[in-house]
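Student: Here is the input, now give the coordinates:
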Amino acid sequence: MRKLLSTRLETSRSPTVLVIFASTLVSVMGVSLISPALPTIQAAWSVSTSEASLLISAFTFPGIVLTPFVGLVSDRIGRKRVLVPSLFLFGLSGVAVVFVGSFTTVLALRVVQGTAGSAIMSLTVTLLGDIFTGEQRSRFIGLNAAILAIGAAGYPLLGGGLALISWTVPFVCFALAILVAVAGSAILPDPEGESESAGLSYFLDAARAVPTRTALALYTAIFGIFLILYGAQLTVVPFVLDDSYGLSSGAIGLLLGLPAVTMGVTSSQSARLLGYLSPLRLIALGFLTYGIGLSIVALADSIFVFAGALFLFGIGQGFAEPITDTALNALSPDAFRGGIMSIRTSILQLGTTVGPPLFVGVASLVGYTETLLVAGVTAVAIGIAGIGFLTFFGSERAATVSSG
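Tutor: The predicted structure follows:
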């Protein structure tokens, strides 16, 4: 039933697609906009560094547990009836931080906002899978990933600049989600949910409806992608730039935005890439590229080589991230797409939550550059193993996900 909507949504200028893309830009605000403001927030509330960092953990953790239930509800009552309230809740809970009088309340609001943000992140990709098929689906999911990369690159600069005015100003920006919710309530199509299952039977039916091995491979890839992204690139790389190159926080922020540039460009070409290689091969190639980039970062003795390696890392991100979303959408029946994609978001959030403490913990034992080198070599090994398995054991035909 949802596929019938595709005849009305032929171009990226469709108001529906624009609302979906705007929702993606809103969802990525939750971490990227606030991270640069943490030192200012710490000083304003007179809390420790570890307490201030809870603003990020409080946002990311709820999605690990709660997002699959959001998918279940969206499969039963429809995407719009979950996405629009989630946008409202995301905006209201974000802006409310400005008006509260205790840091504990701030953290509680971030938990609420994180729950809504995870729902938005899951449902935007799910909606693209509902509306489009085949090459169009690949193209729009790739564009959605590119837009996410633009936000991830631009928001830290915006958040850091606004925090110079006051720690509260970045939180005012979350009002944008309310405007998107109003637009979404007027524009988004409202097909009813297609799943009749509930509770445990829903998850059992969903598990039986998809190729289990392929789904597990894609979920594992998603965990690895975001474990590396948040643990290596966004956590360890800044320490290396500070310790080895003595760069300012502004310069570090600019360098951390470099991978988003190549990630965005590569993601926008995902439909074309799928014309040459299967999804699983592209994901394996992404890990191989990650690994080469991280290894060069660890071994670089020049900031220009370092920057080039970060560009390479972004290419790997562009190979892997949107392709996993496209592949999961392709293998998901309409009745269970919300649940299957919401599990993807839960695993994604698990990677973002586990990555930073894991990589910092290893770095405290062996050093930052050594940690990046180990991660790089491991990613290269995973990429080579994946490509070799698909090539030499003849299982690609069984494991390849159709793009239709």
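
Student: In this structure residue 303 contacts residue 245, no?
Tutor: Yes: taking contacts as CB atoms under 8 Å, residue 303 lies within contact range of residue 245: 5.7 Å. In short, each C-beta sits where N, CA and C put it, glycine included.

Student: Now the closest residue to residue 329 other than its chain neighbours: which helix or strand?
Tutor: Nearest non-adjacent residue to residue 329, counting by CB to CB, 6 or more residues apart in numbering: residue 129, 3.2 Å away. Assigned by DSSP states H and E, residue 129 belongs to helix 103-131.

Student: How far away from the center of its chain is that helix?
Tutor: 12 Å (CA atoms, centre = their mean, to the nearest Å).

Student: confidence score at the residue positioned nearest the centre of the chain?
Tutor: Nearest residue to the geometric centre of the chain (CA atoms, centre = their mean): residue 348, 6.6 Å. Here the pLDDT value assigned to residue 348 is 85.

Student: Excluding chain neighbours, what is closest to it?
Tutor: Residue 348's closest residue in space is residue 226 (CB to CB, 6+ apart), at 5.1 Å.

Student: how near is that neighbour to residue 182?
Tutor: Distance of residue 226 to residue 182, given as CB to CB, to the nearest Å: 31 Å.

Student: higher neighbour count, the two?
Tutor: Neighbour totals were compared for residue 226 and residue 182, and residue 226 leads with 22 against 14 (other CB atoms under 10 Å).

Student: Just the local confidence number for that one, please.
Tutor: Looking at residue 226, the pLDDT reads 87.

Student: excluding its backbone neighbours, what's nearest residue 210?
Tutor: Closest to residue 210 by CB to CB, 6+ apart is residue 331, at 5.2 Å.

Student: Show the end-to-end separation of stretch 158-172, please.
Tutor: For stretch 158-172, the first-to-last residue distance is 12 Å (CA to CA, to the nearest Å).

Student: gap between residue 166 and residue 44?
Tutor: Counting by CB to CB - residue 166 and residue 44 are separated by 8 Å.

Student: With residue 183 instead?
Tutor: Distance, residue 183 to residue 44, by CB to CB: 33 Å.

Student: Residue 93 too?
Tutor: 19 Å.

Student: between these two, who's got more neighbours?
Tutor: When residue 93 and residue 44 are compared for neighbours, residue 93 comes out ahead with 22 against 15, by other CB under 10 Å.

Student: any idea which helix or strand carries that one?
Tutor: Residue 93 belongs to helix 80-96, assigned by DSSP H and E.

Student: thinking again about what came up before, just after the helix or strand harbouring the residue nearest to the centre of the chain, pick out the following helix or strand.
Tutor: For residue 348, the host element (DSSP H and E) is helix 337-366. Downstream of helix 337-366, the next assigned helix or strand under DSSP H and E is helix 368-392.

Student: So which elements touch that following helix?
Tutor: helix 212-228, helix 237-245, helix 279-299, helix 337-366 (3 or more CB pairs under 8 Å, 6 or more residues apart in numbering; DSSP states H and E).

Student: Next, the angle from the longest one to helix 237-245.
Tutor: Right, the one you point to is helix 337-366. Put simply, helix 337-366 runs at 30 degrees to helix 237-245, going by axes from the mean of the first three to the mean of the last three CA atoms, to 10 degrees.

Student: list the buried ones in helix 337-366?
Tutor: 337-356, 358-359, 362-363 (16 or more other CB atoms under 10 Å).

Student: which other helices and strands contact that helix?
Tutor: The contact analysis (3+ CB pairs under 8 Å, 6+ apart) places helix 337-366 against helix 49-77, helix 103-131, helix 199-209, helix 212-228, helix 303-331, helix 368-392.

Student: sorry, back to before: are there helices or strands packed against the helix holding residue 129, and which ones?
Tutor: Helices and strands touching helix 103-131, by 3+ CB pairs under 8 Å, 6+ apart, are helix 15-27, helix 29-32, helix 49-77, helix 80-96, helix 134-163, helix 303-331, helix 337-366.

Student: cutoff 7 Å now
Tutor: With contacts taken as 3 or more CB pairs under 7 Å, 6 or more residues apart in numbering; DSSP states H and E, helix 103-131 sits against helix 15-27, helix 29-32, helix 49-77, helix 80-96, helix 134-163, helix 337-366.

Student: what angle do that helix and helix 337-366 make?
Tutor: Using the same axes, to 10 degrees: helix 103-131 against helix 337-366 is 130 degrees.

Student: got the angle for helix 103-131 vs helix 15-27?
Tutor: When the same axes, to 10 degrees is applied, the directions of helix 103-131 and helix 15-27 differ by 150 degrees.

Student: Helix 103-131 vs helix 303-331, what angle?
Tutor: 60 degrees.

Student: Report the angle between helix 103-131 and helix 80-96.
Tutor: Interaxial angle, helix 103-131 versus helix 80-96 (the same axes, to 10 degrees): 150 degrees.

Student: Give me the buried stretch members for helix 103-131, please.
Tutor: 103, 106-110, 112-131.

Student: what does stretch 367-382 give?
Tutor: Those would be 368, 369, 371, 372, 373, 374, 375, 376, 378, 379, 380, 382, for stretch 367-382 by 16+ other CB under 10 Å.

Student: same check, this time on stretch 27-41
Tutor: Result for stretch 27-41 [16+ other CB under 10 Å]: buried residues 27-38, 40-41.

Student: from the residues you listed, which two are the most distant?
Tutor: Within the buried residues of stretch 27-41, 27 and 40 form the most distant pair, 23.0 Å apart (CB to CB).

Student: number of nearby residues for the closest residue to residue 25 other than its chain neighbours?
Tutor: Once flanking residues are discounted, residue 25 sits nearest to residue 151: 5.0 Å by CB to CB, 6+ apart. Residue neighbour count, defined by other CB under 10 Å, stands at 21 for residue 151.

Student: close enough to count as contact, residue 151 and residue 30?
Tutor: No: counting by CB atoms under 7 Å, residue 151 stays clear of residue 30, with 10.3 Å between them.
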